[in-house]
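[1] Using only what follows, build the 3D model:
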Amino acid sequence: MMSFVYVIVLGMARQYKYASAVVLGMHDALVSLTGMIGGLTFALANRRLIILSAIIASVAAGLSMGASCYLAERTNENPHAFRAGVTTGVSYLGTCALLILPYFLLTHTYSALFLSFVIAVLIIFLCNFCIGRAHGRGFIKHALEMLIICASVSVVSFMIGELAKHLLGIAI
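    Next comes the predicted model:
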């Protein structure tokens, strides 16, 4: 599975104009979905509800990301705006599929969450490795930067979710 992702990312990254679309979709999926499934795992602890919620959110957000990228590229008069939008959407949805996969494979939700986090870290390093290789530059610095940003946003999302749950008095 990861070698398939490697080939796709490397192919897209070779065309520099689409590397940013890959990173946009992938990173947004990593940040938003890891935060969401983490929050759902702690709040619900119901694997089927987590899967259902994650799929619905992923499809809606993936389509939105693709459409937003397309519109932004059209605004900049990019003749390849449609392809950039599709690339962003596919990157988003593919990343989400990999992050949701552990919930299909494992019955224990905390184990699935841990495996999702491991997959997120692997995606970050693999994507940065592919793009770095395609552009002939190092990838560790960029991968660490992306990992720190993703982890920081996820931690803040978890904290906001816990605070909101406490302030609203919601216990599921």
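[2] residues in contact with Leu71?
    Listed by Cβ atoms under 8 Å, 6 or more residues apart in numbering, the contact set of Leu71 reads 81, 85. Heads up, the C-betas are built off the backbone N, CA and C, glycines and all.
[3] Now it: which helix or strand?
    Assigned by DSSP states H and E, Leu71 belongs to helix 47-75.
[4] What's the first helix or strand after that helix?
    helix 81-105.
[5] Which parts of whatever helix or strand comes next after that following helix count as buried, going by neighbours?
    Per DSSP H and E, the first helix or strand lying C-terminal to helix 81-105 is helix 109-134. By neighbour count on 16 or more other Cβ atoms under 10 Å, the buried set for helix 109-134 is 109, 112-113, 115-117, 119-120, 123-134.
[6] what about helix 109-134, average pLDDT?
    Averaging pLDDT along helix 109-134 yields 88.
[7] now the angle from it to helix 81-105?
    Orientation of helix 109-134 against helix 81-105 (axes from the mean of the first three to the mean of the last three Cα atoms, to 10 degrees) gives an angle of 150 degrees.
[8] Buried ones in the helix holding Leu71, by neighbour count?
    Applying 16+ other Cβ under 10 Å to helix 47-75 flags 47, 50-51, 53-54, 57-58, 61-62, 65-66, 69-70, 73 as buried.
[9] mind checking how far that helix is from the chain centre?
    Centroid separation for helix 47-75 versus its chain: 10 Å, with Cα atoms, centre = their mean, to the nearest Å.
[10] Could I get the average pLDDT for it?
    94.
[11] before we move on, what about stretch 89-106?
    The average pLDDT for stretch 89-106 rounds to 94.
[12] CA atoms only: put it into PDB for me.
    C-alpha atoms of stretch 89-106 as PDB (Å, rounded to 0.1, in the frame of the first residue of the first chain):
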ATOM      1  CA  GLY A  89      -9.100  16.400  -3.600                       C
ATOM      2  CA  VAL A  90      -7.600  13.000  -4.400                       C
ATOM      3  CA  SER A  91      -4.700  13.700  -2.100                       C
ATOM      4  CA  TYR A  92      -7.100  14.600   0.700                       C
ATOM      5  CA  LEU A  93      -9.400  11.600   0.200                       C
ATOM      6  CA  GLY A  94      -6.500   9.200  -0.200                       C
ATOM      7  CA  THR A  95      -4.900  10.400   3.000                       C
ATOM      8  CA  CYS A  96      -8.200  10.200   4.800                       C
ATOM      9  CA  ALA A  97      -8.700   6.600   3.600                       C
ATOM     10  CA  LEU A  98      -5.300   5.600   5.100                       C
ATOM     11  CA  LEU A  99      -6.100   7.300   8.400                       C
ATOM     12  CA  ILE A 100      -9.600   5.600   8.700                       C
ATOM     13  CA  LEU A 101      -8.300   2.200   7.700                       C
ATOM     14  CA  PRO A 102      -7.100   1.200  11.200                       C
ATOM     15  CA  TYR A 103     -10.700   1.500  12.500                       C
ATOM     16  CA  PHE A 104     -11.800  -1.100  10.000                       C
ATOM     17  CA  LEU A 105      -9.000  -3.400  10.900                       C
ATOM     18  CA  LEU A 106      -8.900  -3.100  14.700                       C
END
